[in-house]
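K.L.:
I'd like to go over a predicted model; first the sequence, then the structure.
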Amino acid sequence: MSQEEMIFKKIDKKIGDFEKYEDRIIAHVQSGYFPLIYQCLYERIIPAKCSKFSTENFKILLDNNYLRLLNDIYRTRLSKNGLDIVSNRLQEVNNFDDYKSVLHLFEECNPIKYKNGHKDPKNAFSLGTKVLHTYNPEENPILDSVVRKNLRIGDMNQELCLEFKKAMNRFANGHEEYFSRVNHNSIKDALREFHLKPNFPKMKLLDMAILYKPNGR
């Protein structure tokens, strides 16, 4: 079984029917304040209807402290030096649709120096998925330690990010009705209760369904 197939099966098991998908999103909305933060970002920063940026406009956004904002909001703990390294690399990108090449820029971008003088060039692929999610939230999912733990899909590396993206889009493409029904069911009512709109992008809706972990399951 390929890594993509394995991840897809885990996603399908977690949220494979609409009732489970609906229940998990509602529970996630009710359990914390992060959906409000997400929606503020989408409404204030991302183009209309959660469409993707142009490469040049996205570079301008990243160059105006948005990278640091993501680092703070998601608590990815990239150092100031690491942020500067990534920021400079991202300004050289020719096409943010080249997911693999952009993600590669987050490899060995966070050099940590220990007391004994040893340097360990840490990766920041988790932050990379969040940057790419901002660029195109309809197709680029977020992968971090919480998602990996909830799906039980192992250690973080570039290959895992790529296979996770394939699996998430495969699931989304096979369940288009899940997203059209957000406007016509109890998800909308739950969002309205917390002064939220049902205009979350596909990958954030799936992310919310995966993130919530009821009763330790």
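P.N.:
Thanks, I have the structure now. Numbering: from 1, shown residues only.

K.L.:
wait, residue 156 sits on residue 127?
P.N.:
No. At 10.9 Å, residue 156 and residue 127 do not qualify as touching, with contact defined as CB atoms under 8 Å. Placement of C-beta: from N, CA and C, glycine included.

K.L.:
And these two? Which one has more around it.
P.N.:
Per other CB atoms under 10 Å, whichever of residue 156 and residue 127 has more neighbours is residue 127, with 24 against 18.

K.L.:
can you give me the strands for this structure?
P.N.:
Under the criterion DSSP state E, the chain contains strands at 110-113, 119-122.

K.L.:
model confidence over the last one, on average?
P.N.:
I take that to be strand 119-122. The predicted model gives strand 119-122 an average pLDDT of 74.

K.L.:
Give me the residue at the spatial middle of the protein.
P.N.:
Relative to the mean C-alpha position of the chain, the nearest C-alpha, by CA atoms, centre = their mean, is the one of residue 142, at 1.8 Å.

K.L.:
list the contacts for that residue?
P.N.:
By CB atoms under 8 Å, 6 or more residues apart in numbering, the contact set of residue 142 is 129-130, 133, 203-204, 207.

K.L.:
Was I right to think residue 52 contacts residue 135?
P.N.:
Yes. Residue 52 lies in contact with residue 135 (CB under 8 Å); the separation is 5.7 Å.

K.L.:
hey, what's in contact with both of these two?
P.N.:
In contact with both residue 52 and residue 135: residue 96, using CB under 8 Å, 6+ apart.

K.L.:
Kindly list the main-chain dihedrals of the residue nearest to the centre of the chain?
P.N.:
For residue 142, the backbone dihedrals (degrees, to the nearest 10) come out as phi -90, psi 130.

K.L.:
roughly how far apart are it and residue 205?
P.N.:
Look at residue 142 and residue 205: by CB to CB, to the nearest Å, they are 12 Å apart.

K.L.:
Contacts only, for the closest residue to residue 129 other than its chain neighbours.
P.N.:
Among residues not flanking residue 129 along the chain, residue 143 sits closest, at 4.7 Å (CB to CB, 6 or more residues apart in numbering). Residue 143 is in contact with 125-126, 129, 156, 160-161, 164, counting by CB under 8 Å, 6+ apart.

K.L.:
now do residue 42
P.N.:
The contact partners of residue 42, taken as CB under 8 Å, 6+ apart, are 50, 137, 199-201, 204.

K.L.:
Show me how to select, in ChimeraX, the buried members of the residues you listed.
P.N.:
Those of those that count as buried under 16 or more other CB atoms under 10 Å are selected in ChimeraX with:
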select :50,137,200,201,204
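
K.L.:
just the contacts of residue 42 now: which is nearest residue 80?
P.N.:
Nearest to residue 80 among those: residue 137, at 26.6 Å, using CB to CB.

K.L.:
All the helices of the chain, residue numbers only.
P.N.:
Along the chain, the stretches classed as helices by DSSP state H are 3-15, 18-31, 34-44, 55-61, 67-73, 80-90, 99-104, 125-135, 145-151, 158-174, 176-180, 186-193, 202-211.

K.L.:
who touches the fifth one?
P.N.:
Contacts to helix 67-73, defined as CB under 8 Å, 6+ apart, come from residues 37, 41, 76-78, 83, 86-87, 90, 127, 130-131, 134.

K.L.:
Tell me the buried residues in that helix?
P.N.:
67, 70-71.

K.L.:
From residue 151, how far off is residue 167?
P.N.:
9 Å.
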